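Enquirer: Compute the structure for the input listed below.
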Amino acid sequence: MMHQRSFSHSNIKFQWVILLVGVLLFCIKFLAFFITNSVGILSDALESIVNIITGMITLLSLKFAAIPRDENHPYGHGKIELVTASLEGFLIALAGGIVIFEAIQRLGNPIEVIKMDIGLILILLTIIGNGLLGWISIKWGRKNRSVAIETGGKHLLTDSFSSVALLIGLFIFYLTKITWLDSAIAIIFGLFIIYTGIKVLISTVNGLMDEADPIILKQISDVLISERRSPWVNIHRLTYLGYGQIGHMDMHLTLPFYFNLQEAESEIQTLKNITKSDLSEFDLDISIQSEPCVFEMCSMCNMESCTHRKTLRDPSKQWSYASLVSNNAFKSKSAKTNALQ
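Expert: Here you go, the predicted structure:
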């Protein structure tokens, strides 16, 4: 629990830095707009307003997610990060619509653009700043299990890439002096912003619908495979549901059919302890359902001393990520039926 609080506190401090730097970059972009009068640069500045708003929302969500789990929220409050990330996707798309609206307004009545050389330099500075912020945020979010920070980082990185396209377009405009080109660039830029917003929204909605996370499941399966004990005949239906550092893991563990309840409980507790120890960065709840083995499993069983074995161990039948997350490949039979065979 203390480990989780340390993560949460670090995430909140990190987001404060991202927010403050975002405000600085926003000011630089609007300075570039006032100097140049470019609607293309204005579109970039408007998206920075969304960056600030979403940065503030993310900060609030991180503070809420840091609240310890309670009776009403046994899995913690981390899911709020997915909600705010979804809101961020909506606001990004909305900003793209505003950009297109402003560009169309100016398309029929082009406004003179001035001092583009200074504007290009200022936009280049914001590109470098957003790129670094985005890259660092993605790395930080993945390391500290914060989907809100990671989503914000992807947004900043996308903002940086789209600003590169904007910079190239504005440089062409600077060379050609074609007045309507500034608005046309802004419309293309706005469409790209909308695409980014929709992409973020789809990703977070999938998270809200508890879509499986193959990266974390692979990490868990690697631990189970490396730490496998002889009595663990099989593990299947491995699932993971997590928000931030809090996670719930569920699996079915097949044990020798002749184990009594005390022996089965001992293996289940050992499995839980090993898993929590090797995945100490998570605050895990683990639910394990034990099942008796059937004779068809003898070829994959590591219990060398088993007196009920029907077939020899087959070295080719190893646990894998695919087998752990799938359903049991063997037809369930009762221990009594097995004993009579």
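Enquirer: Low-confidence regions, the stretch 201-341 of the chain specifically.
Expert: Per-residue confidence of the stretch 201-341 of the chain (counting by pLDDT under 70) places the weak regions at 205-213, 242-246, 281-282, 329-341.
Enquirer: how about the helices in the stretch 151-300 of the chain?
Expert: Counting by DSSP state H, counting those that start in this stretch, the segments of the stretch 151-300 of the chain that form helices are 180-208, 214-226, 261-278.
Enquirer: For the first one, what is the distance to the chain centroid?
Expert: By that I understand helix 180-208. Here the centre of helix 180-208 is set off from its chain's centre by 19 Å, with C-alpha atoms, centre = their mean, to the nearest Å.
Enquirer: helices and strands around it, which ones?
Expert: With contacts defined as 3 or more C-beta pairs under 8 Å, 6 or more residues apart in numbering; DSSP states H and E, the secondary structure elements packing on helix 180-208 are helix 39-65, helix 80-107, helix 147-176. Heads up, the C-betas are built off the backbone N, CA and C, glycines and all.
Enquirer: just those: most buried one?
Expert: Each of the helices and strands packed on helix 180-208 was given a mean neighbour count from mean count of other C-beta atoms under 10 Å, and the largest, a mean of 23, is that of helix 39-65.
Enquirer: Would you format the helices and strands packed on helix 180-208 as CSV with mean pLDDT and distance to G129 included?
Expert: Below are those laid out as CSV (pLDDT from 0 to 100; distance: least, C-beta to C-beta, whole Å):
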stretch, mean pLDDT, distance to G129
helix 39-65, 74, 11
helix 80-107, 73, 18
helix 147-176, 73, 8
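Enquirer: L201: which of those is closest?
Expert: With distances scored as C-beta to C-beta, the stretch of those nearest to L201 is helix 80-107 (3.3 Å).
Enquirer: What's the first helix or strand after that closest one?
Expert: The C-terminal neighbour of helix 80-107 among helices and strands, as given by DSSP states H and E, is helix 116-143.
Enquirer: Dump the helices and strands packed on helix 180-208 into a markdown table; add distance to R229 as well.
Expert: Putting the helices and strands packed on helix 180-208 into a markdown table (distance: least, C-beta to C-beta, whole Å) gives the following:
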| stretch | distance to R229 |
| --- | --- |
| helix 39-65 | 35 |
| helix 80-107 | 36 |
| helix 147-176 | 34 |
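Enquirer: of all these, which lies closest to E265?
Expert: helix 39-65 (33.8 Å).
Enquirer: now the angle from the closest one to helix 147-176?
Expert: Direction vectors for helix 39-65 and helix 147-176, defined by axes from the mean of the first three to the mean of the last three C-alpha atoms, to 10 degrees, enclose an angle of 170 degrees.
Enquirer: Go through the helices of the stretch 151-300 of the chain and pick out the most buried.
Expert: It is helix 180-208: most buried of the helices of the stretch 151-300 of the chain by mean count of other C-beta under 10 Å, with a mean of 19.
Enquirer: Okay, angle between that helix and helix 39-65 too, please.
Expert: Computed by the same axes, to 10 degrees, the angle between helix 180-208 and helix 39-65 is 20 degrees.
Enquirer: Next one: the nearest residue to V223 once chain neighbours are set aside from S226, what distance?
Expert: Closest residue to V223 in three dimensions, ignoring its sequence neighbours and counting by C-beta to C-beta, 6 or more residues apart in numbering: D278, at 4.5 Å. Per C-beta to C-beta, to the nearest Å, D278 is found 8 Å from S226.
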